[in-house]
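Enquirer: Using only what follows, build the 3D model:
(2 chains)
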Amino acid sequence: MTTLKINGKQHTLNLEPETPLLWALRDTVGLTGTKYGCGIQQCGACTVLIGKRPVRSCGITVGEVAGKEITTIEGLSEDSKHPVQLAWVAEQVPQCGYCQSGQIMAAVSLLERKPNPTDQEIDRGMLNLCRCGTYSRVRKAIHRASDLLKEVS
Amino acid sequence: MKYTNMNRRTFLKVTTVAGGGLLVGCSFSSPKLMSTPQASEEELGLWVRISTDNKITLIVPASEMGQQAHTGQAMIVAEEMEADWNSIQVVHAPYHSEFKNSLADPRNIQITGGSSSISFWWGKLRQVGAGTREMLIEAAAKKWGVPVSECHARESQVLHSESGLSLTYGQLARAAAKLSPPDNPTLKSPDQYRFLGKSMPKLHTPARVNGTAQYGIDVRRPGMLFAAVQQSPVFGGQVKSYDEAAAKAVKGVEAVVPIPGRRFSFGSTGDGMAVVADTTWHAQKGLEALDVKFVGGDTLGLNRSKVSKKLSAALDDIGKVDVQSEKVLEVEYEMPFLHHAAMEPMNCTALVSDNSCEIWVPTQNQYACMEAAKEVTGFSEEQIRIHTMMMGGSFGRKQTRDYVEQALIISKFIQKPVQVIWSREEDTQHGTYRPTSMSRYQVGLGRDGLPVQWESQIAQPNLLAQLISPLGWFDFDPMAVAGGVHDYGLFPDHFYKVNGVGTDHTNVELGVPVGPWRAPPNSINVFYTESVVDELAELAGQDPLDYRIKLMSESPRHRAVLEQVAKQGGWGSTLPEGHGRGLAINDWFPLEEAVTVVAQMVEVSVSKRGKLKVHRVDCVIDCGFVVNPDSVKAQIEGSIIMGMSAALFEQITLEDGRVAQSNFDDYRIARMRDTPEINVSIVKSDSAPTGSGEPGTSPIVPAITNAIFAATGKRIRRLPIGRQKLV
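Expert: Model (predicted):
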């Protein structure tokens, strides 16, 4: 038995501790917003937050994250109005959208660390892959979210 | 094929559904095809549903893979319908003869492709919308006892201006459903458009930013199991041995199922094994424990250099042509296999029961799914239901039936719902690759520097035959030559007017599955043509822009697009040292008369140590009337990134008969840090729409290599650019 704290809720799951968090989220907890893309921590489609840190959930086990605060795309906001989500809508970022949960979680974390990221910092901080090629809009949306976050605070 | 649907007689049929509401059926073939008196919400089979609470559901024929076809198609219907945009939702069409697309596939099947979701459906969807509107207005006029001419529709309401009366579409739905639909509804004129031509927010954006969008991989059914598969890494190979007991000893594993390979025109994908378990993770662990060993295969022993040698030998078989003129260009080019690498790996969920079958599948090709289901189950179409799921990217990959068959076979075996998910490694090693290709160009120039003889020879696997297998009997593949200058009279001439054209191509079958990769045949032939034209300009000592314009004497539309991009990007203006600019242009789809024209201009720099950077891309597109400018812009931005990624990094190679790459660590694709500044301009046009999903992908490739030549004098004739020495 493993207890995970996901989006503020406790889940007691009958899982081996070596189960990757990604599959626990998708197949056991039923949170499918976090996506499988590569399984080797290359693409970032499965990015979630552990505390405030962005983590590729395919490469971390439930044993390692038991008891820690896990945030998935579903838990980012109750009304889809997190400033990063609002910026994503304003810039109409998604094409197919499959990688965007991971992009958004990575951006949330980047903005925590760098509230005013330069383009170069975005290049270094956003390593998530997008095959549709939405990168220029992701960049614009991060700058916009940076402004929105300042208004909020 | 041309755009011809505007004036065809439309048969509209309406029917009420349980719970009240209006279904509008619209048949373009025969009125009797469209009778669904028992229609329920899930079995729409039609085009529009209006519920009594004024919610409007549009049943759209295109599969959604990120190209925003749903938004575009909904805009067309909603415009003519005078619907309130905020009360609209869209759903994927079911399998039905009404949803066939003859522009996307000459077999006239239910498929999404060829950048045709707007161009093919434009006329039909306008008629559906207009017919629905007219019925609702008529229903209101009857209720009020006033002439139809005194009523009008707006924002999902019918209004009578004189009396101030109004009724919502929801209130009118039941009455409208009893009326005879119009044969020839009146379409709105462009000056009356409220949505069309405006950048409407994409309908699926909200779901795509909060994790609720449902892709194929997100399907969950009661009692569903998960299957991991492993297919012979050598194409056409067989299973030699496996350890079933070890797999079944893994927690959660329920079954081990053999999956036969799929034959294609020139080989087979190879046999494989599936392990079924309660979670994806357990299925993957079970598959590891199964320790499958493979033997044999069609591609055994094939590697990168042997593939090159085969292509080269095929060109030698054609043989060089005698070209007599003062200046002659003779060059050879080579392009690799490419993988689609959609972020969502191949997956399909199926439930095969005793006398029915359901599949939930991210697919471009419902026809292929239906054929697979009929074949595996032996059922008739009436017993089979296909639920099209949103795709996490496709680019041409998700139109095969291999993964669908696997889900069906496994579900039939275990008699339970099952979701097959390919690992990224399976996805990478069992693609339908953009063909590898080699070409030889021999071009003689006259005194004025323009070609007097243009000989092209191309060797590559037959792409069309792998889509439509009987065509493999002919040693002819229009996909090998279209998109370039050619002398085939069967399809339109290239926009470059060139004298003395000779075209030859030969099919080289390697046993590797190939398929359409965003923008066939342009993804190959535009690199060749636009590189060669650039080389000719150099040989003739002329400016690459002026040279192209000279060849475009009979294509004013192309010339205008090219001149506009040159102006926008500042062609000819001074650049810093080590920088260079390149141009390229193409049209799409080159087998048709009505084409989209795209020109691109790229600025690159190459450092003294040979490091390449793409700084800026300018693009101009003329794709006829634009339904949603922001969607077109997004498609072009994405096409540029995908084409650039292919030019810079991507290749699938073989090692001992198997694909050498397996995941994103060795199949590198473009990232944020590779992304240049992109400026897209759309030509304003009142012509019929032609399509925008693919035509931006191809010209970026030669535009980059032409820019590298301008910066360094180094001509790239083999892709990807990769680590080739640039200085």
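Enquirer: For B:L648, which non-adjacent residue is closest in space?
Expert: Distances taken as Cβ to Cβ, 6 or more residues apart in numbering or on different chains put B:I721 closest to B:L648, at 5.4 Å, once the chain neighbours are dropped. For glycine as for every other residue, the C-beta is placed from the backbone atoms N, C-alpha and C.
Enquirer: If I look at the one you found, what pLDDT would I see?
Expert: At B:I721 the predicted local confidence, pLDDT, stands at 98.
Enquirer: what sits against it?
Expert: With contacts taken as Cβ atoms under 8 Å, 6 or more residues apart in numbering or on different chains, B:I721 has the following neighbours: B:L612, B:A647, B:L648, B:I704, B:T705, B:I708.
Enquirer: Verify the stated contact: the third one with B:R673.
Expert: If I follow you right, that is B:L648. No - between B:L648 and B:R673 there is no contact under Cβ atoms under 8 Å: 11.9 Å.
Enquirer: Compare neighbour counts for those two and give me the winner.
Expert: The neighbour count for B:L648 versus B:R673, taken as other Cβ atoms under 10 Å in any protein chain shown, is higher for B:L648 (19 against 14).
Enquirer: Would you mind measuring from the more buried one to B:K725?
Expert: The spacing between B:L648 and B:K725, counted by Cβ to Cβ, to the nearest Å, is 15 Å.
Enquirer: related to what we said a few turns ago, any idea how far B:A647 is from the residue nearest to B:L648?
Expert: Computed with Cβ to Cβ, the distance linking B:I721 and B:A647 is 6 Å.
Enquirer: for B:L225, same thing?
Expert: With the distance defined as Cβ to Cβ, B:L225 ends up 42 Å from B:A647.
Enquirer: Helix, strand or coil: sort out the closest residue to chain B within chain A for me.
Expert: Of chain A, the residue with the smallest distance to chain B, taken as Cβ to the nearest Cβ, is A:G33 at 2.1 Å. Reduced to three states with DSSP: H, G, I helix; E, B strand; the rest coil, the structure at A:G33 is coil.
Enquirer: Backbone dihedrals for the spatially closest residue to it that is not a sequence neighbour, please?
Expert: Counting by Cβ to Cβ, 6+ apart, A:G33 lies nearest to B:G211, which is 2.1 Å off, once chain neighbours are set aside. B:G211 adopts backbone torsions of phi 80, psi 10, taken as degrees, to the nearest 10.
Enquirer: can you count the residues close to B:G211?
Expert: The burial count assigned to B:G211 is 23, neighbours taken as other Cβ under 10 Å.
Enquirer: Can you tell me the element the residue nearest to B:E554 when sequence neighbours are not counted falls in?
Expert: Distances taken as Cβ to Cβ, 6+ apart place B:K497 nearest to B:E554, at 5.1 Å, with adjacent residues excluded. Remark: B:K497 resides in no helix or strand, with elements defined by DSSP states H and E.
Enquirer: unless I'm mixing things up, B:K497 is touching B:S553, no?
Expert: Yes - when contacts are counted by Cβ under 8 Å, B:K497 is listed as touching B:S553 (5.7 Å).
Enquirer: Neighbour count: these two, which is higher?
Expert: Set side by side, B:K497 and B:S553 give different neighbour counts by other Cβ under 10 Å, the larger being at B:K497 (16 against 10).
Enquirer: mind listing what the more buried one touches?
Expert: Contacts for B:K497 (Cβ under 8 Å, 6+ apart) come out as B:L551, B:M552, B:S553, B:E554, B:S555.
Enquirer: what do you get for A:Q41?
Expert: With contacts taken as Cβ under 8 Å, 6+ apart, A:Q41 has the following neighbours: A:R56, A:C58, A:G59.
Enquirer: what secondary structure does residue 77 sit in?
Expert: I'll assume chain A. When the structure is split into helix, strand and coil by three-state DSSP, A:S77 lands in coil.
Enquirer: wait, I meant chain B there
Expert: At B:V77 the chain is in helix, as set by three-state DSSP.
Enquirer: okay, the residue nearest to it when sequence neighbours are not counted: pLDDT?
Expert: The shortest distance from B:V77 to any non-neighbouring residue, by Cβ to Cβ, 6+ apart, is to B:G129 (4.1 Å). We have a pLDDT of 91 for B:G129.
Enquirer: B:G129 - that's part of a helix, no?
Expert: Yes - applying three-state DSSP, one finds B:G129 inside a helix.
Enquirer: if I read this right, it contacts B:A74, doesn't it?
Expert: No - assessed by Cβ under 8 Å, B:G129 is found out of contact with B:A74, at 9.8 Å.
Enquirer: where does chain B have low pLDDT?
Expert: B:1-45, B:469-474 (pLDDT under 70).
Enquirer: and the residue lying farthest from the centre of it, backbone torsions?
Expert: With distances taken from the mean C-alpha point of chain B and given as Cα atoms, centre = their mean, the most distant residue is B:S163, at 50.5 Å. Dihedral pair for B:S163: phi -90, psi -10, per degrees, to the nearest 10.
Enquirer: With B:R385 instead?
Expert: Here the main-chain torsion angles of B:R385 (degrees, to the nearest 10) amount to phi -120, psi 130.
Enquirer: Now the closest residue to it other than its chain neighbours: phi and psi?
Expert: Nearest non-adjacent residue to B:R385, counting by Cβ to Cβ, 6+ apart: B:E358, 4.7 Å away. Comment: the main-chain dihedrals of B:E358 come out as phi -130, psi 140, following degrees, to the nearest 10.
Enquirer: go on, A:E151?
Expert: Dihedral pair for A:E151: phi -60, psi -40, per degrees, to the nearest 10.
Enquirer: Could you do B:V683 as well?
Expert: Backbone torsions for B:V683, taken as degrees, to the nearest 10, come to phi -70, psi 130.
Enquirer: again with B:P451
Expert: Dihedral angles of B:P451 (phi, psi; degrees, to the nearest 10) stand at phi -60, psi 140.
Enquirer: same deal with B:N679?
Expert: Backbone geometry at B:N679, expressed as degrees, to the nearest 10, gives phi -120, psi 120.
Enquirer: tell me which element the residue of the stretch 551-700 of chain B found nearest chain A is part of?
Expert: Distance from chain A to each residue of the stretch 551-700 of chain B (Cβ to the nearest Cβ) is smallest for B:I641, at 2.8 Å. Assigning secondary structure by DSSP H and E places B:I641 in helix B:629-648.
Enquirer: quick one on the thing from earlier: from chain A, how far off is the residue farthest from the centre of chain B?
Expert: If you measure B:S163 against chain A using Cβ to the nearest Cβ, to the nearest Å, the figure is 41 Å.
Enquirer: OK, contacts around that residue?
Expert: B:W144, B:V146.
Enquirer: Look up how far B:E150 lies from it.
Expert: For B:S163, the distance to B:E150 under the criterion Cβ to Cβ works out to 9 Å.
Enquirer: Can you name the residue of chain B nearest to chain A?
Expert: When Cβ to the nearest Cβ is the measure, chain B has its nearest residue to chain A at B:G211, with 2.1 Å between them.
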